[in-house]
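Trainee: Got a predicted structure here, sequence first:
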Amino acid sequence: MEINIETAVRVCPVNCRNSTGNDVICLQPNIDNNTIEVANSQSFPVNHVLPVNCSQTTLYNTVVTPLLNFLIEGCDVSIVALGQSQTGKTYSLFGPGFHFAASELEHGIIPRFIRELFTKVKQYRDRSYNIHITWSQICGETVQDLLGTGSMECVDVLEAFQLIQLGMSNMAPKCAHSLFTLTLDQEWIVDSTVQHRVSTASFTDLSSSEKILVYDNNGLIQSLPTDSGLLSLQQCITALSEPYFSNYGSISNIPYGQSVLTTLLKDSFGGRAKTLLLCTVSPSIDDFTESLYTLQLAIRSQTIKNFVTVNSYTTFQNARENYDVFGLQFAANQLLKLVANAEELFQKLLTNSSLPKGELEQISRWLTFKQECEECMSENSEPHRSLDIIEEEEAEDNTSCNTANSIDSEEIDEDPEQEDNRQSNLENVDTLMKNFMISTDEIVNNSYREHFTINNSVKDVLTNSSSEYHMKGARGRRVSIHSAEELRQSASIDSSKLCEEQDLENEEKLSEGNALTYEMKKKLLKKITTAIQGYQKQISDLQKTIQVKEKLMQQLVKNKNIKNNARVKLEQKCQKLSKEYDKVIAACTQAEINKDGDLEKKCQLKLVELKKKINDAESLKVLTEESNRKLLEVENSVHTSKKQLEKLKKCKRKEEKRKTLYEMQLKDERKRMGNNQDSFEKQKSSIETNNSNENKQLVIVTKPIVLNLSHENAESLRHEIRNLRKTRDYLLEQRYKIDTKSMHSKIMNDSDEKKLLQYEEAIEAIDLAMEYKNEILCGHVPVIAKSLEHIEERGDKMLLDRLMKLNDMEMRILLYKYFQKVVELRNNSKKLEIQVVDVENQNENLSCRVQNLSHTLQQVRLESERRIIALQHQHENKLQLVMRHLASDSGDNDRVVSRVSKHALAFQMAGTSKQGDKSLIARITRYARQETVPKQLQATVSVPQAIVTRQKNKLFIQQTHK
Ligand SMILES: Nc1ncnc2c1ncn2[C@@H]1O[C@H](COP(=O)(O)OP(=O)(O)OP(=O)(O)O)[C@@H](O)[C@H]1O
């Protein structure tokens with residue numbers, strides 16, 4: 001929590017400063033409104049004003065007691081006594097000199113604090129604690145340990161008092177500031193966890209110092225202490241009290257590192273301690289200036305906000321590994337301190353002009369990194385956030401802690417919001433990445449197209465007649481870097497998605513077609529042709545299926561009337577059977593009354609038989625009623641198949657369109673390449689002629705401007721250029737030889753490949769050298785030299801400086817090494833490009849396989865569909881026959897009805913139920929994935945056949961298998 005530094009002003013008795021007691025009073029403490037009224041009618045409002053003759057007890061109770069609570073809760077507390085010499089700083093902190101122990105009433109803040117601390121911590125029976133004391137004095141920039149043993153543990157008040165006496169006896173008279181520190185370490189157990197609190201109470205007795213008067217920036221007189229520690233403390237207080245720093249704008253700008261005193265008081269001013277600045281002033285007019293100085297500093301200090309935190313951590317009982325938490329926490333704190341110290345040191349070093357430039361740069365880079373790191377960490381979090389989180393683990397029922405906890409809970413509440421922010425940040429990053437990809441692709445495409453157009457004439461000849469290796473960019477740099485769009489194109493062509501999804505992409509492909517190379521187009525054409533064939537196959541399969549379905553539909557329509565008639569007949573039959581059933585029941589009852597056992601038995605048998613007949617007739621009736629539903633189902637299925645057919649035809653048309661387009665483009669390019677082939681030789685000879693012309697022109701153009709150069713120099717430059725040109729021609733010739741050789745053999749061995757790269761690099765380097773020399777000949781500053789002049793990056797400049805200092809031999813070695821490195825890099829990149837080509841080919845093959853499989857699956861699906869329909873067809877035929885018989889014959893055909901109804905139900909269950917369809921399709925899909933079609937599906941399915949014969953009034957149905 002942010003808490004302002006508290007201020008308290010104690011006005012010492014007039015006689016303290018060895019005055020006569022008759023001094024004129026220049027300031028008056030106003031206890032009612034906590035202000036100090038000064039003679040010049042200025043008033044200083046502070047947090048606590050203590051009356052002139054206030055007792056040590058009043059002082060302690062008024063301003064110190066609350067601090068003890070902070071300490072016990074785990075916060076660091078600090079009391080800094082500031083004031084003119086002999087105004088009672090030491091008296092307030094310790095008591096009257098070395099004899100403070102004589103009267104408890106005279107005890108100052110520290111002994112009272114110690115006594116009360118021991119009393120209070122003992123009240124927390126569940127806590128174990130230990131208290132350590134350190135005491136040091138600071139004289140100038142020297143720190144001296146007053147106890148001689150560093151930190152001393154004391155188990156009770158007496159031991160602590162003895163240590164104070166020891167320290168006082170070691171104190172240097174006057175001149176030094178003293179820093180008395182109490183460290184309280186507490187721990188207690190809550191639900192198998194060990195809660196720890198480590199807090200310190202520091203008491204600083206600032207020695208007074210002579211003041212000098214100086215003019216400040218506004219021309220006003222300002223008094224500054226001569227003591228370096230006090231001076232830098234004043235500067236820190238001034239800096240911290242500026243509004244900019246009160247918001248922790250940049251705490252790193254506070255000059256804590258200027259003195260040992262301010263380094264030690266860092267936590268008290270703008271740090272993590274709860275601080276009380278106790279100012280002691282003299283009321284005497286003689287001390288007016290000093291009092292004014294003290295009061296002004298108090299006013300400034302009370303605007304400073306400290307970020308008070310609870311120093312707590314938790315460990316687990318009997319779990320040693322968890323002590324690491326503390327270890328890490330401690331290490332983190334230490335690291336933070338180290339970084340802060342290093343920063344102070346670096347800030348100091350930066351002002352030291354004697355340091356070498358490089359080191360100064362290193363320091364400023366370090367500071368920038370730290371600044372960036374701090375900014376980054378403070379962007380979404382409060383300062384000291386990590387410690388707040390630790391605080392969450394403990395919920396104590398006292399005021400200070402409650403406040404802290406409320407802050408924590410707010411932070412917890414913010415978590416979902418932070419999560420949202422993180423999410424939206426991720427989305428933003430995603431969008432940015434996508435945009436970046438798009439723009440990168442665009443740039444690569446453009447530059448590639450540019451490159452392609454420039455080198456078109458020569459390249460086409462080489463590309464077309466050479467192996468794939470040439471096409472994919474063994475020549476030239478980064479030719480094989482394909483855009484994401486290109487890669488997407490090649491992947492999407494193989495996808496088995498229906499054309500609606502592909503439409504958009506296909507449109508894109510058509511428009512992008514111009515950016516593809518000849519070989520790419522050829523490949524694409526091949527793929528398109530395969531796709532068209534696939535579509536054609538699917539279309540014809542689907543057409544067959546539709547035909548079969550339509551036939552079934554006709555059959556169903558035809559059967560409709562017969563089924564209606566049969567239903568009427570069956571209804572009549574059911575009624576007749578029911579009546580008969582009733583009659584038999586009546587006969588049975590009569591037989592029972594008559595006690596005719598035989599008749600009763602016969603009647604019961606007849607009843608069973610009749611019941612069976614009624615059930616069979618009812619089942620058959622249900623079958624006749626299903627006709628409409630079936631018809632609807634088949635109609636829907638035909639409709640869906642027709643839709644699919646339309647889609648496939650559309651896809652096929654699109655692909656055919658693309659095919660025509662690419663065929664045309666390829667035809668054009670072939671024609672153009674034919675012309676290029678013819679003109680290639682011409683170009684070669686013309687290039688040579690141009691070269692010699694350029695040579696001549698060079699001389700002609702440079703003639704009038706060469707005036708700046710001495711005749712000898714110009715001549716030697718021309719000579720060098722001519723030599724370079726010869727070398728270049730030779731290299732070109734060698735390169736051409738390797739090209740021609742590889743064109744014929746279509747394979748290039750490793751040494752040829754390396755040579756080719758070396759030639760290309762060397763040609764590029766020679767071109768650059770010639771251009772450079774030519775510009776000098778023309779009296780221009782060479783472009784490359786101009787660009788060197790504009791180097792602004794410090795690192796680049798340094799590199800350039802180093803390069804300039806190299807001698808000729810070193811330069812040659814360096815260049816040779818670079819040349820080798822470049823060739824090696826190009827060789828590697830070429831290998832990578834070949835690997836990319838391989839991967840692309842593999843991808844292509846896999847895509848083809850996926851396409852084939854998807855076609856097979858589609859085919860199998862259609863075939864199985866046709867088979868099911870064929871079965872349905874046969875079933876309908878049989879049904880039709882039975883129904884017709886039922887409709888025409890009123891005789892006893894119960895046996896037929898029974899058999900047909902059973903068969904029909906069985907067929908329904910096994911063949912036409914949706915579940916059956918699904919499992920069949922699932923099976924077929926499984927087979928399709930295995931790339932094999934099951935034997936059952938390859939061979940004709942053994943369909944049951946029935947022969948129906950009629951003898952007298954009976955129908956005979958005989959089931960056979962084909
Ligand atoms: N409020 C007071 N009541 C009684 N005596 C006081 C009071 N303030 C100071 N004195 C006495 O004044 C004398 C000087 O006090 P003290 O040594 O504490 O001053 P100081 O500010 O610490 O001086 P220095 O800057 O030299 O350290 C002591 O003898 C002290 O007992």
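Mentor: Sure thing, it's come through.
Trainee: For the chain, which residues are neighbours of the ligand?
Mentor: Residues of the chain lying close to the ligand (CB under 6 Å from any ligand atom) are 12-13, 16, 83, 85-91, 96, 174, 207-208, 280. Yep, even glycine has a C-beta here, placed from its N, CA and C like the rest.
Trainee: Please identify the buried residues of stretch 580-595?
Mentor: By neighbour count, with 16 or more other CB atoms under 10 Å as the criterion, the buried positions of stretch 580-595 are 581, 584, 587, 588, 591.
Trainee: Outline the domain layout of the chain.
Mentor: Per automatic domain parsing, the structural domains of the chain span 2-206+271-316, 678-854.
Trainee: Highest mean neighbour count out of these?
Mentor: Ranked by mean neighbour count, the domains of the chain are led by domain 2-206+271-316 with a mean of 18 (mean count of other CB atoms under 10 Å).
Trainee: Just the terminal-to-terminal distance for it.
Mentor: Across domain 2-206+271-316, the terminal residues are separated by 30 Å (CA to CA, to the nearest Å).
Trainee: Tell me the spacing between residue 272 and residue 559.
Mentor: Distance of residue 272 to residue 559, given as CB to CB, to the nearest Å: 94 Å.
Trainee: Just the closest residue of the chain to the ligand, please.
Mentor: Taking CB to the nearest ligand atom, the ligand has its nearest neighbour within the chain at residue 88, 2.5 Å off.
Trainee: Provide a list of residues in contact with the closest residue to that residue other than its chain neighbours.
Mentor: Nearest residue to residue 88 in three dimensions, chain neighbours excluded: residue 12, at 4.4 Å (CB to CB, 6 or more residues apart in numbering). Counting by CB atoms under 8 Å, 6 or more residues apart in numbering, residue 12 makes contact with 52, 86, 87, 88, 280, 281, 282, 283.
Trainee: With residue 89 instead?
Mentor: Going by CB under 8 Å, 6+ apart, residue 89 touches 81, 82, 83, 205, 206, 208, 278, 280.
Trainee: Now intersect the residues you listed with the strands, please.
Mentor: 81, 82, 83, 205, 278, 280 (DSSP state E).
Trainee: and residue 519, how many neighbours does it have?
Mentor: 14 (other CB atoms under 10 Å).
Trainee: Give the next helix or strand downstream of the helix or strand encompassing it.
Mentor: Assigned by DSSP states H and E, residue 519 belongs to helix 518-593. As assigned by DSSP H and E, the chain's next helix or strand after helix 518-593 is helix 597-625.
Trainee: for that following helix, packing partners?
Mentor: Helix 597-625 sits against helix 518-593, helix 808-888, helix 894-907, with contacts defined as 3 or more CB pairs under 8 Å, 6 or more residues apart in numbering; DSSP states H and E.
Trainee: comparing those, which gets the lowest mean pLDDT score?
Mentor: Among the helices and strands packed on helix 597-625, helix 894-907 carries the lowest mean pLDDT, at a mean of 49.
Trainee: follow-up on the earlier one: of the contacts of residue 12, which is the nearest to residue 165?
Mentor: Nearest to residue 165 among the contacts of residue 12, counting by CB to CB, is residue 88 at 20.1 Å.
Trainee: What residues does the closest one make contact with?
Mentor: Contacts of residue 88 were listed using CB under 8 Å, 6+ apart, and they are 10, 12, 16, 280.
Trainee: Then residue 560?
Mentor: By CB under 8 Å, 6+ apart, the neighbours of residue 560 are 627, 628, 631.
Trainee: Excluding sequence neighbours, find me the nearest residue to the first one.
Mentor: In this case it means residue 627. Closest to residue 627 by CB to CB, 6+ apart is residue 563, at 4.7 Å.
Trainee: so that neighbour makes contact with residue 883?
Mentor: Yes. The criterion here is CB atoms under 8 Å, and residue 563 meets it with residue 883 at 5.4 Å.
Trainee: any shared contact partners between the two?
Mentor: Common contacts of residue 563 and residue 883 (CB under 8 Å, 6+ apart): residue 624.
Trainee: tell me the contacts of the residue nearest to residue 627?
Mentor: Residue 563 neighbours (CB under 8 Å, 6+ apart): 624, 627, 879, 883.
Trainee: redo that, cut-off 7 Å
Mentor: With contact set as CB atoms under 7 Å, 6 or more residues apart in numbering, residue 563 has these partners: 624, 627, 883.
Trainee: can you put those residues in a markdown table and add neighbour count and distance to residue 103?
Mentor: As requested, these are exported to a markdown table (neighbours: other CB atoms under 10 Å; distance: CB to CB, whole Å):
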| residue | neighbour count | distance to residue 103 |
| --- | --- | --- |
| 624 | 23 | 121 |
| 627 | 22 | 119 |
| 883 | 26 | 127 |
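Trainee: just checking, residue 748 is part of a helix?
Mentor: No. Counting by DSSP: H, G, I helix; E, B strand; the rest coil, residue 748 is not part of a helix but coil.
Trainee: Nearest residue to it in space, please, no chain neighbours.
Mentor: Spatial nearest neighbour of residue 748, excluding adjacent residues (CB to CB, 6+ apart): residue 742 at 4.3 Å.
Trainee: Could you name the helices and strands sitting against the one helix or strand that neighbour maps to?
Mentor: Element membership for residue 742, per DSSP H and E: helix 711-745. Contact analysis of helix 711-745 by 3 or more CB pairs under 7 Å, 6 or more residues apart in numbering; DSSP states H and E lists helix 627-705, helix 750-777 as its packing neighbours.
Trainee: Make JSON lines out of the ones you listed and add mean pLDDT.
Mentor: Rendered in JSON lines, the data for the helices and strands packed on helix 711-745 read as follows (pLDDT from 0 to 100):
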{"stretch": "helix 627-705", "mean pLDDT": "74"}
{"stretch": "helix 750-777", "mean pLDDT": "84"}
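Trainee: Looking at these, spot the one closest to residue 241.
Mentor: Residue 241 sits nearest to helix 750-777 of all the helices and strands packed on helix 711-745, at 62.0 Å, using CB to CB.
Trainee: From the contact counts, what lies against that closest one?
Mentor: helix 711-745, helix 808-888.
Trainee: what angle separates the longest one from helix 518-593?
Mentor: Here helix 808-888 points in a direction 30 degrees away from that of helix 518-593 (axes from the mean of the first three to the mean of the last three CA atoms, to 10 degrees).
Trainee: Packing partners of helix 808-888?
Mentor: So helix 808-888, by 3+ CB pairs under 7 Å, 6+ apart, packs with helix 518-593, helix 750-777, helix 894-907, helix 914-929.
Trainee: can you tell which of the ones you listed is closest to residue 720?
Mentor: In terms of CB to CB, the element of the helices and strands packed on helix 808-888 nearest to residue 720 is helix 750-777, at 5.9 Å.
Trainee: doesn't residue 158 make contact with residue 115?
Mentor: No. Judged on CB atoms under 7 Å, residue 115 makes no contact with residue 158 at a distance of 10.2 Å.
Trainee: quick one on the thing from earlier: using a markdown table, lay out the helices and strands packed on helix 597-625 together with distance to residue 255.
Mentor: Shown next, in a markdown table, are these (distance: least, CB to CB, whole Å):
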| stretch | distance to residue 255 |
| --- | --- |
| helix 518-593 | 67 |
| helix 808-888 | 47 |
| helix 894-907 | 98 |
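Trainee: which SS class is residue 271?
Mentor: Per three-state DSSP, the local secondary structure of residue 271 is coil.
Trainee: for the closest residue in space to it that isn't next to it in sequence, what are its contacts?
Mentor: Using CB to CB, 6+ apart and skipping the chain neighbours, the partner closest in space to residue 271 is residue 306 (6.0 Å). By CB under 7 Å, 6+ apart, the contact list for residue 306 reads 3, 5, 270, 271, 272, 273, 274, 275.
Trainee: With residue 52 instead?
Mentor: Shown in contact with residue 52 (CB under 7 Å, 6+ apart): 11, 13, 29, 283.
Trainee: Double-check that it belongs to a helix.
Mentor: No. Using three-state DSSP, the secondary structure at residue 52 is coil, not a helix.
Trainee: Understood, closing this out.
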